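> Provided below for reference: sequence and predicted model.
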Amino acid sequence: MQFDDVIFGRRSTRGYLDKPVPKELIEEILKLAMRAPSSMNTQPYNFYVITGEPLEKIRAGNTERMLAGVPQSREFRTGEAFAGAHRERQIGVAKQLFGAMGIERDDKDARQDWVMRGFRQFDAPVCVIIT
């Protein structure tokens, strides 16, 4: 396999099955991830695997804060809103996405639910935080 194949084969998954992921599979994936190169071969990674009730609490909190209008508390800047050609591209991607999902422009509830899925980690059965 060529490196280009890996990069061009990359995809974003936004739909997950509603079933648990076996612990053994998570461990296998993390063992592979730990082999990623690092400065001076230190592999300073910490993995936090969240599933079940703790993950549901995080999702509920994220959703509640977003709907209540609580400002984000990220430790990095989110930057300015897109303008010009970048904004046009953003709108074009949104139109394609909602079209593919069968979400009509005037269906505000469905559009809002799609946005909220991001705050629910796209309803994935596992969340891995890497620090």
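Sure, I can see it. Residues are numbered from 1 along each chain as shown.
> check which helix or strand covers residue 49.
Applying DSSP states H and E as the criterion places residue 49 in strand 47-50.
> kindly export that strand (C-alpha atoms) in CSV.
The C-alpha coordinates for strand 47-50 follow below in CSV (Å, rounded to 0.1, in the frame of the first residue of the first chain):
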residue,chain,number,x,y,z
PHE,A,47,-5.8,7.7,26.0
TYR,A,48,-9.1,8.2,27.8
VAL,A,49,-11.8,5.8,26.6
ILE,A,50,-15.3,6.8,27.4
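> what's the mean pLDDT across it?
Average pLDDT, strand 47-50: 94.
> got it, and stretch 123-131?
For stretch 123-131, the mean pLDDT works out to 90.
> which outside residues touch that stretch?
Residues outside stretch 123-131 that contact it (CB atoms under 8 Å, 6 or more residues apart in numbering) are 16-21, 26, 30, 33, 45-51, 55, 58, 117, 121. In this view, the C-beta of every residue, glycine as well, is placed from N, C-alpha and C.
> just the buried ones from the residues you listed, in ChimeraX syntax?
Restricted to buried positions by 16 or more other CB atoms under 10 Å, the ChimeraX selection for the contacts of stretch 123-131 reads:
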select :26,49,50,51,55,58,117,121
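> narrow the contacts of stretch 123-131 to those in strands?
Judged by DSSP state E, the contacts of stretch 123-131 include 47-50 as members of strands.
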